[in-house]
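Q: heads up, no residue letters with this:
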């Protein structure tokens, strides 16, 4: 494939305004011979006209099922769950390789249509490190939501709806105002995955709010648990990508155990996975209802929103798109092997369907 056709679809999920390619990035791809089609979207954080100005073809929103057969459909979040076969190559977060029920249904659609899922989560370099991630902003926003849950508890409430912010400074200013009445007894936090992108973002937000942080990574969790220290902190953040060897961090008996713990921020947010290490909940939370109360007295809330970076859509989209652009360029030849590895991962899991 020497002249790829990249088709950027309009996101169809509520509260999803991010995009994985900026107009500047699209211009670079066009300059090296790509065709770039961008679907119109009134909700995307970057205006459709900005793509048209750099030479992208503009298509109607949600028209990707009728795209040419050689088009590579590029989006971030999930497709509508309508059961239709998928004949194209798709670049997206599929959430399909860890036993998730919705993911199995998605794989069946690819099998029926003969298409391919190139999962953004599995685009890795030769060392296994992801080439691009929203992690920092997921951690940053996830910590903010968890602190909002804690503040609501201090008011005798459950956290109400959350909305996007124009930028990180606005988020911090609003959160500081909400926390100030209760900071005479400031919470503390334990972060697992503190050395990664997600954990760094969570730690930075906590520190900006004067919340003390204990950072754990592989060394601290190597003994396999249990981890009673988690229950001795007000906030716990799970910031690691769980796998088959990940031990449980929060066990089912945690809500009724003696604990200081009041809020779990599961930023990794994969409750439907076979590997979920936070074993006190089984469904994501939402922008409308960010807190799931799993115990009343004393309260324990879980917050697990699976598109947290959309709370800071422009910063997170620009950051991610910049990280991903060199890999998108390699679609013309895949000299780095990133796409070949992703396709092999897909083929491995498709064979189990």
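A: Happy to help now that I have it. Since the model is a prediction, treat every value here as computed from it, not as a measurement.

Q: rest of the way, CA atoms for contacts and neighbours
A: Will do.

Q: which sections of the stretch 201-350 of the chain are below the confidence cut-off?
A: 335-336 (pLDDT under 70).

Q: What are the boundaries of the strands in it?
A: Taking DSSP state E, counting those that start in this stretch, the strands of the stretch 201-350 of the chain run over residues 212-216, 235-238, 263-266, 292-295, 300-303.

Q: Tell me the predicted confidence for residue 1.
A: For residue 1, the pLDDT comes out at 48.

Q: Please list the residues outside stretch 157-171 that contact it.
A: 144-145, 148-149, 151-153, 287-291, 293, 310-315 (Cα atoms under 8 Å, 6 or more residues apart in numbering).

Q: how about 7 Å then?
A: With Cα atoms under 7 Å, 6 or more residues apart in numbering as the test, stretch 157-171 has contacts from 148, 149, 152, 287, 288, 289, 290, 291, 310, 311, 312.

Q: same question, stretch 222-241
A: 187-193, 198-199, 247, 249, 259-268.

Q: hmm, back to that, I'd like the contacts of stretch 157-171 laid out as TSV, including distance to residue 15 and neighbour count.
A: Formatted as TSV, those follow (distance: Cα to Cα, whole Å; neighbours: other Cα atoms under 10 Å):
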residue	distance to residue 15	neighbour count
148	19	23
149	20	27
152	22	17
287	8	21
288	10	11
289	13	15
290	13	23
291	17	29
310	7	24
311	8	28
312	11	24
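
Q: okay, those residues in JSON lines with distance to residue 67 next?
A: Shown next, in JSON lines, are the contacts of stretch 157-171 (distance: Cα to Cα, whole Å):
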{"residue": "148", "distance to residue 67": "43"}
{"residue": "149", "distance to residue 67": "43"}
{"residue": "152", "distance to residue 67": "47"}
{"residue": "287", "distance to residue 67": "32"}
{"residue": "288", "distance to residue 67": "34"}
{"residue": "289", "distance to residue 67": "36"}
{"residue": "290", "distance to residue 67": "36"}
{"residue": "291", "distance to residue 67": "39"}
{"residue": "310", "distance to residue 67": "27"}
{"residue": "311", "distance to residue 67": "30"}
{"residue": "312", "distance to residue 67": "30"}
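
Q: Looking at the residues you listed, which are in helices?
A: Mapping those onto helices (DSSP state H) picks out 148, 149, 152.

Q: Report the contact partners of the last one.
A: Neighbouring residues of residue 152 by Cα under 7 Å, 6+ apart: 158, 159.

Q: Residue 108 versus that one, what's the distance?
A: 42 Å (Cα to Cα, to the nearest Å).

Q: tally of neighbours for residue 163?
A: The number of residues packed around residue 163, counting by other Cα atoms under 10 Å, is 11.

Q: Can you give me the pLDDT of it?
A: Looking at residue 163, its pLDDT reads 95.

Q: need the helices for this protein, in chain order.
A: 23-31, 48-53, 101-113, 135-154, 168-179, 197-208, 218-221, 313-329, 338-350.

Q: Put together CSV for those helices, with distance to residue 74 on each row.
A: Listed next are these as CSV, based on distance: least, Cα to Cα, whole Å:
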stretch, distance to residue 74
helix 23-31, 12
helix 48-53, 15
helix 101-113, 15
helix 135-154, 19
helix 168-179, 27
helix 197-208, 23
helix 218-221, 33
helix 313-329, 10
helix 338-350, 13
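
Q: Which one of those helices lies nearest to residue 121?
A: helix 338-350 (9.0 Å; Cα to Cα).

Q: For the stretch 1-150 of the chain, which segments are assigned as strands?
A: Using DSSP E, counting those that start in this stretch, strands in the stretch 1-150 of the chain cover 5-8, 35-39, 57-59, 71-74, 89-92, 116-119.

Q: how close does residue 48 sit to residue 16?
A: Relative to residue 16, and taking Cα to Cα, residue 48 is found at 15 Å.

Q: ditto for residue 350
A: For residue 350 relative to residue 16 (Cα to Cα), the value is 27 Å.
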